[in-house]
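> for reference, the sequence and a predicted model appear below.
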Amino acid sequence: MTACHSTAPATPRTDPFRRSRVAIATSLEDFSSAEQPSQRAFAQQAGLPHATFNYWTRHYAAAAGDPLDSFFRCAAGEELLRRLVLAALTTFQLQGAGGIRLVGTFLQRAGLDRFVATSRGALHPLAARIEADLVAFRDAEQPALAQQMKPRAITVVPDEHFHSGKPCLVGLEPVSGFLVVECYRDRRDADTWKEAIQQGTAGLPVEVVQMTSDEARALICLAEKGFQAAHSPDLFHGQHDLLKPLLLPLTRPIQQAEKELHKASQHSAALDTPLPEPTSEEEFLALVEAVLEEEALGKQLQQARQHKEEAVQQVRGVGDDYHPFDRDTGKPVTAEEVGQRLNAHLDELAQVVAKAELSDKAKAAVDRARTWVATLMGCVAWFWSLADAQLEEMDLSEEQERVMREKLLAGHYWGTAAGRARTAEERKRLKEMAEALKKEAWQEGTALAALSEEERKEVEGAAQQTAGLFQRSSSAVEGRNGRLSLQKHGHSRVSEQRLKALTVLHNYLVRRPDGTTAAQRFFGQKHKDVFSWLLERLPDLPRPAAKRSTRAGQPSLQPG
């Protein structure tokens with residue numbers, strides 16, 4: 001047995017006579033500061049067997065002249081050590097998808113293996129206990145949060161991931177980032193999805209009114225038949241399907257023109273080499289012809305590049321104009337206006353296809369996109385019908401509804417959408433526009449400024465939630481799938497228990513830069529600190545085994 005092996009059992013003992021490490025450290029600390037020098041008297045006063053206390057003084061007392069040893073063997077040092085081990089396991093082993101051996105290596109390099117066992121056999125029971133406690137925290141805390149939560153309509157972004165033998169169903173609420181469902185199932189059809197989401201939302205005062213996903217048949221069926229909810233197609237998948245049949249035919253002429261231009265430039269350069277004698281008429285005409293050919297190929301290359309750039313810009317323009325609010329002014333835009341803008345991009349794209357003389361396959365892709373654009377128009381119309389219905393339920397005046405619709409809703413929408421802009425300048429501009437719109441909504445003299453403080457909070461929260469119902473992308477759940485892939489890569493497998501723990505970790509422990517967790521944003525209220533909750537229930541840390549003395553001539557058992 002090496003020094004890093006644990007003498008603790010695999011499961012925490014329940015012996016009522018076994019003292020914790022903190023209790024031992026506290027007793028030794030009290031004894032060192034006590035006036036009476038007798039161990040027997042101190043043990044009798046503390047209600048401890050003298051033999052037990054004598055054993056503590058011989059094995060757990062701090063070494064003289066070693067300040068690090070003195071600190072980590074006192075009560076404060078023991079508390080810090082527990083916090084460090086818990087932080088390492090939750091951060092490196094769970095959130096960071098590192099192995100337990102890396103946690104042990106971290107403790108060794110920090111010089112803490114003198115105070116806690118660092119082998120896999122010692123740390124694995126702690127890691128398993130933490131995973132179980134994370135699930136227990138969710139089971140204890142979430143019902144209380146649900147009782148105090150206001151009823152609300154939500155969007156769910158579902159997608160499957162295949163890091164295990166069975167499909168992993170992942171469903172996320174995109175505004176808060178809260179994982180509504182994350183579980184393994186044998187199938188991924190609409191009925192299985194519905195059961196999983198109903199199980200994930202059981203006891204929560206929420207109504208699924210929309211789903212945003214790729215256009216998988218099961219997910220469309222889940223939205224329309226399973227929950228009678230709207231289905232919003234993922235914008236990226238639609239742009240990809242539109243551009244894919246066009247991109248290769250538009251790229252091929254560029255490659256061919258570059259190749260021919262390179263040959264022509266080499267030919268003209270060879271003809272233009274200075275000669276010792278005057279050039280003949282034939283050589284001069286050949287040089288002129290070569291230069292003209294090179295110039296024509298240059299124009300052909302420029303035109304081919306222009307066709308490709310125009311096609312890409314028109315497809316990007318669909319994404320830029322697919323918003324319920326104007327990108328430049330922030331004013332509300334109707335579904336008909338959005339449809340006109342999107343169809344204008346398709347008209348320009350059709351002209352590019354015609355000028356580039358692409359095949360019928362490319363023309364058919366543009367024609368199919370008309371149906372896709374009609375679906376996007378329907379999503380905008382659905383959003384405004386839902387927003388208008390919620391405004392009517394708030395019992396506001398006509399002027400207050402107008403200000404909230406044109407200023408406050410737009411401000412919250414662009415405040416969220418600004419972070420997904422392509423350039424830093426555009427992100428900055430949209431954020432400034434969003435702040436200006438919200439400021440105009442609440443400035444003195446407007447209809448909303450007359451509301452009380454409590455009414456203002458209610459209106460602000462309703463505007464934020466309503467603006468978040470318009471979802472164009474399923475990228476949020478794609479990011480979660482990427483994290484699950486890292487977990488699979490780091491641990492070789494993700495068990496059902498670990499998957500549950502990872503879900504709780506994402507919802508209740510991971511924080512955004514503003515300091516809020518996904519659960520806090522989803523439920524609209526603070527919850528208990530999960531790290532402190534885990535720290536209170538963390539069992540005693542496993543002690544490292546005592547070093548064995550070696551006889552002369554025998555090799556040491558300690559790692560060198």
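Yep, it's here.
> could you look up the SS state of residue 223?
helix (DSSP: H, G, I helix; E, B strand; the rest coil).
> cool, residue 211 as well?
Relying on three-state DSSP, one would call residue 211 strand.
> contacts only, for it.
155-158, 219, 222-223, 227, 229-232 (Cβ atoms under 8 Å, 6 or more residues apart in numbering). In short, each C-beta sits where N, CA and C put it, glycine included.
> check what pLDDT residue 284 gets.
The per-residue pLDDT reported for residue 284 equals 56.
> give me the element residue 403 is part of.
helix 398-403 (DSSP states H and E).
> I'd like the next helix or strand past that helix.
Immediately after helix 398-403, counting by DSSP H and E, sits helix 409-417.
> so how far is residue 73 from residue 66?
9 Å (Cβ to Cβ, to the nearest Å).
> okay, the two: which has more neighbours?
Using other Cβ atoms under 10 Å as the criterion, residue 66 and residue 73 rank with residue 73 on top: 22 against 12.
> for residue 425, see how far away that one is.
57 Å.
> likewise for residue 479?
The separation that residue 479 has from residue 425, given Cβ to Cβ, amounts to 24 Å.
> same question for residue 171.
For residue 171, the distance to residue 425 - Cβ to Cβ - is 35 Å.
> now residue 309
20 Å.
> so which of the two has more stuff around it?
Between residue 309 and residue 425, counted using other Cβ under 10 Å, residue 309 has the larger neighbour count: 12 against 9.
> give me the distance between the more buried one and residue 250.
In terms of Cβ to Cβ, residue 309 sits 9 Å off from residue 250.
> for residue 415, same thing?
For residue 415, the distance to residue 250 - Cβ to Cβ - is 37 Å.
> neighbour count winner among those two?
A count of neighbours by other Cβ under 10 Å puts residue 250 above the other of residue 415 and residue 250, at 22 against 18.
> distance-wise, check the more buried one relative to residue 193.
38 Å.
> what sits against residue 176?
518-519, 521-522.
> likewise for residue 24?
56, 60.
> so in the chain, which helix runs the longest?
For the chain, the longest helix by residue count, based on DSSP state H, is helix 281-321.
> next helix or strand past that one?
Moving toward the C-terminus from helix 281-321, the next helix or strand (DSSP H and E) is helix 335-355.
> moving C-terminal of that next one, what's the next helix or strand?
helix 360-393.
> so which elements touch that next one?
Secondary-structure packing of helix 360-393 (3 or more Cβ pairs under 8 Å, 6 or more residues apart in numbering; DSSP states H and E): strand 230-233, helix 235-271, helix 335-355, helix 453-467.
> residue 50: neighbour count?
Residue 50: 14 neighbours (other Cβ under 10 Å).
> quick check: it touching residue 39?
Yes: between residue 50 and residue 39 a contact is recorded at 6.6 Å, counting by Cβ atoms under 8 Å.
> what's the distance between residue 305 and residue 354?
18 Å.
> of the two, who's got more company?
Between residue 305 and residue 354, counted using other Cβ under 10 Å, residue 305 has the larger neighbour count: 16 against 12.
> so what's that one up against?
Here residue 305 is in contact with residue 254 (Cβ under 8 Å, 6+ apart).
> please tell me how far it sits from residue 150.
54 Å.
> now residue 229
From residue 229 to residue 150 the distance is 20 Å (Cβ to Cβ).
> great, nothing more from me.
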